[in-house]
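Trainee: What shape does this take:
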Amino acid sequence: DAGSEAVTQIVANTRLPTEKANGYQTMKTAEALAWIASPVVLWVPTRFRPAGFLGARDPFVYYGVERRFRLRLLPSLDLVTPLARTLPRWLGKCVFLPQALSFSLAACVAAALSRDRVWYSRDVYFFYLFAPLARLFGKKVHLEAHHALPRLGGWRRLALASAAGVVAITRGLADD
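Mentor: Predicted coordinates for the structure are as follows:
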């Protein structure tokens, strides 16, 4: 709509709140983007909470972040939280893939159906799935790269060529 306000959508496969640094960084990034590109919506997966976090429900309070953006949940098949800590390390990593793919597929559907054009993500699975299709839906996708991107032959090149932008957190990642 010419009369509607543009919304920046952020996709992060991060359990909120979490004891890991990526939760804090994700919330602070959304807060900062909301200062310059308001309004902002942060999409995160529905996930089980570990026992130590059962009382910590509000990520804004937990991280001390201003409520300058909206938080939305997308479904995901969460086997990670209930199982991963009880399994051998190599098998624990195997339960992450169904969660990551189910969340990324849900995020792709949300992005395709949304009227909003700007999508920003630190989730490489969402990026790899949606970036090559984004232009078909009139969307712009930006990736915040935190680690080397998987080399999936021509798919990596296609996804990167389709991106509206890539933010690398280190010089090494930028060079890669």
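Trainee: Pull out the buried positions in whatever helix or strand residue 172 lives in.
Mentor: Using DSSP states H and E, residue 172 falls within helix 171-175. For helix 171-175, a neighbour-count test (16 or more other C-beta atoms under 10 Å) marks nothing as buried. To be clear about C-beta, it is placed using only N, CA and C from the backbone, and glycine gets the same treatment.
Trainee: for stretch 59-78, what is the average pLDDT?
Mentor: Averaging pLDDT along stretch 59-78 gives 93.
Trainee: Kindly check the end-to-end length of that stretch for me.
Mentor: Stretch 59-78 stretches 19 Å from its first residue to its last (C-alpha to C-alpha, to the nearest Å).
Trainee: Can I get stretch 94-108 as CSV, trimmed to CA atoms?
Mentor: C-alpha atoms of stretch 94-108 as CSV (Å, rounded to 0.1, in the frame of the first residue of the first chain):
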residue,chain,number,x,y,z
CYS,A,94,20.9,-34.1,14.8
VAL,A,95,17.8,-32.9,16.7
PHE,A,96,18.6,-29.3,15.8
LEU,A,97,18.1,-29.8,12.0
PRO,A,98,14.3,-30.5,12.2
GLN,A,99,13.8,-27.5,14.5
ALA,A,100,15.8,-25.2,12.3
LEU,A,101,14.2,-26.4,9.0
SER,A,102,10.6,-26.3,10.4
PHE,A,103,11.1,-22.8,11.8
SER,A,104,12.8,-21.6,8.5
LEU,A,105,9.9,-23.0,6.4
ALA,A,106,7.4,-21.3,8.7
ALA,A,107,9.4,-18.0,8.3
CYS,A,108,9.4,-18.4,4.5
